[in-house]
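Engineer: next comes the sequence, and after it the predicted model I'd like to discuss.
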Amino acid sequence: GGIITQTPKFLIGQEGQKLTLKCQQNFNHDTMYWYRQDSGKGLRLIYYSITENDLQKGDLSEGYDASREKKSSFSLTVTSAQKNEMAVFLCASSMMGGHEQYFGPGTRLTVL
Amino acid sequence: GQQVQQSPASLVLQEGENAELQCNFSSTATQLQWFYQRPGGSLVSLLYNPSGTKHTGRLTSTTVTKERRSSLHISSSQITDSGTYFCAMTTGGNNKLTFGQGTVLSVIP
């Protein structure tokens, strides 16, 4: 088994601020993902990384940057926080090539 | 782009009743995964079922690939089953999961 850790659990920032969310996995999975979940809704893909040194945009990448520092870690940066993007950000990982995805506990973002 | 429709949007059951949740998608799925989420909780993978029938505990998922649909059957529902159930799918060999809007299940005594 393995685990996905997301830090911080709660993130509070000011409008216009640059904020970074971190994700670590010990499944030894190749592929990692960042999703955004708005209250009461399904998830939407922001960025994903198929292997180390790869970066792919999802459906919601505008306003975000991502970085795959090493195989086990994947960071997401909100480049300029806006009030309408208060949501829970979920990190996931899987084996390469389209397999079951496993999710972390999430980071809840609040923008003041 | 691909779309995933879940029904019903919400469901209220008495404890012990069975639940049937449906998921329909616009493209042929190569991956199909069912998830559970408690309010304010994390997303838990229930079943990975791109085709055929799979069971785990009181859960049964049946995916009919050519008809672009999947179902999740919960037998003998319990109060602790309350929460939101999501299905998600991908097409081709890509890794991009598209999620449905979820079914909110409430199990009452």
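Structural biologist: Arrived safely, thanks for sending.

Engineer: CA only for contacts and neighbour counts going forward, please
Structural biologist: OK.

Engineer: what does chain A put close to chain B?
Structural biologist: Residues of chain A lying close to chain B by C-alpha under 8 Å from any C-alpha of the partner chain are A:41-45, A:50, A:58, A:96-106.

Engineer: try 6 Å
Structural biologist: Residues of chain A lying close to chain B by C-alpha under 6 Å from any C-alpha of the partner chain are A:41-43, A:98, A:105.

Engineer: restricted to strands, list the residues you listed.
Structural biologist: A:Leu43 (DSSP state E).

Engineer: what about the residues of chain A next to chain B, which one has the most neighbours?
Structural biologist: A:Leu43 (23 neighbours; other C-alpha atoms under 10 Å in any protein chain shown).

Engineer: show me the contacts for that residue.
Structural biologist: A:35-37, B:99 (C-alpha atoms under 6 Å, 6 or more residues apart in numbering or on different chains).

Engineer: what are the ranges of the strands in chain A?
Structural biologist: A:4-7, A:10-13, A:19-25, A:31-37, A:43-49, A:56-57, A:64-70, A:73-78, A:87-94, A:102-103, A:107-111.

Engineer: could you export those strands as a markdown table, including mean pLDDT and distance to B:Gly40?
Structural biologist: Putting the strands of chain A into a markdown table (pLDDT from 0 to 100; distance: least, C-alpha to C-alpha, whole Å) gives the following:
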| stretch | mean pLDDT | distance to B:Gly40 |
| --- | --- | --- |
| strand A:4-7 | 97 | 15 |
| strand A:10-13 | 94 | 12 |
| strand A:19-25 | 97 | 18 |
| strand A:31-37 | 95 | 11 |
| strand A:43-49 | 94 | 14 |
| strand A:56-57 | 94 | 27 |
| strand A:64-70 | 95 | 24 |
| strand A:73-78 | 98 | 21 |
| strand A:87-94 | 94 | 9 |
| strand A:102-103 | 92 | 14 |
| strand A:107-111 | 94 | 10 |
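
Engineer: can you list these in a markdown table and add distance to B:Gly92?
Structural biologist: Shown next, in a markdown table, are those (distance: least, C-alpha to C-alpha, whole Å):
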| stretch | distance to B:Gly92 |
| --- | --- |
| strand A:4-7 | 26 |
| strand A:10-13 | 35 |
| strand A:19-25 | 25 |
| strand A:31-37 | 16 |
| strand A:43-49 | 16 |
| strand A:56-57 | 16 |
| strand A:64-70 | 24 |
| strand A:73-78 | 24 |
| strand A:87-94 | 16 |
| strand A:102-103 | 20 |
| strand A:107-111 | 30 |
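
Engineer: wait, which of those strands is closest to B:Tyr85?
Structural biologist: strand A:43-49 (12.1 Å; C-alpha to C-alpha).

Engineer: picking that back up, now the contacts of A:Leu43: which count as buried?
Structural biologist: Buried members of the contacts of A:Leu43, counted by 16 or more other C-alpha atoms under 10 Å in any protein chain shown: A:35-37, B:99.

Engineer: re earlier: so for B:Ser45, which of the strands of chain A sits nearest?
Structural biologist: Across the strands of chain A, closest to B:Ser45 is strand A:102-103 (C-alpha to C-alpha), at 6.8 Å.

Engineer: partners of that closest one, with directions?
Structural biologist: Paired strands of strand A:102-103, with direction, are strand A:87-94 (antiparallel) (DSSP bridges).

Engineer: angle of the strand it pairs with against strand A:107-111?
Structural biologist: Inter-element angle recorded for strand A:87-94 and strand A:107-111: 150 degrees (by axes from the mean of the first three to the mean of the last three C-alpha atoms, to 10 degrees).
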